[in-house]
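Peer 1: What shape does this take:
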Amino acid sequence: MFFSLIEKRRSIRKFKSIPVEQEKVDRIIEAALRSPSSRGFNPWRFIVVDQPELLEKLSRAKPHGASFLKGAPLGIVICADEKRTDVWVEDASIATIFIQLAAQAVGIGSCWIQIRKREHDELMTAESYIRSIFDIPDHFRIESMVALGYPDEERFPHSRESLEKEKVFLNSFGIS
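Peer 2: This next block holds a predicted model:
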């Protein structure tokens with residue numbers, strides 16, 4: 001089941017205008033809340049967004065790679081408390097991929113939208129832009145967003161032959 005899930009999961013940027021059922025949203029959020037974190041600190045917070053006006057605002061968080069969020073019926077903003085742990089980036093990243101895998105498991109497409117270290121414009125970061133929309137306290141950092149919905153595009157799995165096995169080494173770097 002797990003291998004089938006990761007083989008089929010692809011980034012989806014076109015969504016049908018069908019709302020995601022609450023039961024599926026609940027399962028996806030449960031997966032995020034079960035994601036591992038360093039020392040079990042669970043520093044993450046999740047903002048689930050289903051209002052089209054807010055999704056449209058979020059789609060403008062950065063100049064490239066977020067616009068498709070306005071066409072998604074659901075988005076999740078992934079934040080973490082940097083005061084709680086120095087590995088908040090890793091913890092939030094793990095939670096983000098758990099969201100994507102859970103979405104795939106319940107038949108929902110998704111796409112990661114990187115926020116940390118991205119610019120909104122020449123005066124503001126994407127993180128500051130999102131922080132202002134939701135009034136997020138400064139010590140909560142925003143790692144990513146995930147667009148979610150029923151896919152309106154077909155993406156085929158990567159073939160086993162296309163995997164870059166030359167990037168895997170045994171017992172030493174550069175020697176396979």
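
Peer 1: can you pull out the helices in the chain?
Peer 2: Secondary structure of the chain (DSSP state H): helices located at 2-8, 22-34, 52-58, 88-105, 126-134.

Peer 1: Most tightly packed of those helices?
Peer 2: Compared across these, helix 88-105 shows the largest average neighbour count, a mean of 21 (mean count of other C-beta atoms under 10 Å). Heads up, the C-betas are built off the backbone N, CA and C, glycines and all.

Peer 1: Mind giving me the packing neighbours of the strand ranked longest in the chain?
Peer 2: In the chain, assigned by DSSP state E, the strand with the most residues is strand 140-149. For strand 140-149, the packing partners by 3 or more C-beta pairs under 8 Å, 6 or more residues apart in numbering; DSSP states H and E come out as strand 74-81, helix 88-105, strand 109-114, helix 126-134.

Peer 1: can you tell which of the ones you listed is closest to residue 15?
Peer 2: The minimum distance between residue 15 and those falls on strand 109-114, with 6.6 Å, by C-beta to C-beta.

Peer 1: what's the distance between the closest one and the middle of its chain?
Peer 2: Offset of strand 109-114 from its chain centre (C-alpha atoms, centre = their mean, to the nearest Å): 5 Å.

Peer 1: Quick one: closest of the helices and strands packed on strand 140-149 to residue 46.
Peer 2: strand 74-81 (5.6 Å).

Peer 1: average pLDDT across stretch 147-161?
Peer 2: For stretch 147-161, mean pLDDT rounds to 96.
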